[in-house]
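1. turn this into a model:
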Amino acid sequence: MLAIIPTINKSPLTTALIDTLLDDGVSVIVIDGTPEPDIKHAPRPGLTRLYHVWNIYKTWNFGMHMARVKSHRTLFVLNDDLIIAPGSFVKMDALLTESGFGILSCEDLERDNEMAMR
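-> Numbering: from 1, shown residues only. Okay, here's the model as predicted:
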């Protein structure tokens, strides 16, 4: 499993998301588009940090490419402000494998966002 997280180093929730992913056995690539990134992050096994000012589509495409190159069966494309329970990524991976579906999209029904796709 591989997760790609585009960010502009904004969300204070990103570190907790990365911890959840790594604890679930998911490899993580964070692509930070901050013009002047704070690169004082401690290295962690399973975590790659890249600093590029890419548009969101290039970031997603890079994640799909890396999933193929590294032979990951599952790719999670995530927002940097996602809050999710431990174990959820393992369950989603299993659901995708068992169902035969290629894409799983989840909507946050608790989020008040009139612009969200319904």
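2. pLDDT below threshold where in the chain?
-> 9, 37-42, 104-118 (pLDDT under 70).
3. mind redoing it with 50?
-> 115-118 (pLDDT under 50).
4. the helices in it, which residues?
-> Here the chain has its helices, by DSSP state H, at 14-23, 56-69, 88-99.
5. any idea which of those helices is most buried?
-> Mean neighbour count, computed with mean count of other Cβ atoms under 10 Å, is highest for helix 14-23 among the helices of the chain, reaching a mean of 18. (Glycine included, C-beta is placed from N, CA and C.)
6. report the angle between that helix and helix 88-99.
-> Taking axes from the mean of the first three to the mean of the last three Cα atoms, to 10 degrees, helix 14-23 and helix 88-99 form an angle of 50 degrees between their directions.
7. show residues contacting helix 14-23.
-> The contact list for helix 14-23 (Cβ atoms under 8 Å, 6 or more residues apart in numbering) reads 3, 5, 7, 28, 30, 44-47, 76, 78, 80-86, 88-89.
8. one more pass at 7 Å, please.
-> Contact with helix 14-23 is made by 3, 5, 7, 28, 30, 44, 46-47, 78, 80, 82, 84, 86, 89, as judged by Cβ atoms under 7 Å, 6 or more residues apart in numbering.
9. distance from the chain centre to that helix, please.
-> Mean C-alpha position of helix 14-23 versus that of the full chain (Cα atoms, centre = their mean, to the nearest Å) differs by 9 Å.
10. put the alpha carbons of that helix into CSV.
-> Extracted in CSV, the C-alpha atoms of helix 14-23 (Å, rounded to 0.1, in the frame of the first residue of the first chain):
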residue,chain,number,x,y,z
THR,A,14,-0.8,16.0,8.5
THR,A,15,1.6,14.5,11.1
ALA,A,16,-1.1,12.4,12.7
LEU,A,17,-2.3,11.2,9.3
ILE,A,18,1.3,10.1,8.5
ASP,A,19,1.5,8.3,11.8
THR,A,20,-1.7,6.4,11.2
LEU,A,21,-0.6,5.4,7.7
LEU,A,22,2.8,4.2,8.8
ASP,A,23,1.3,2.3,11.8
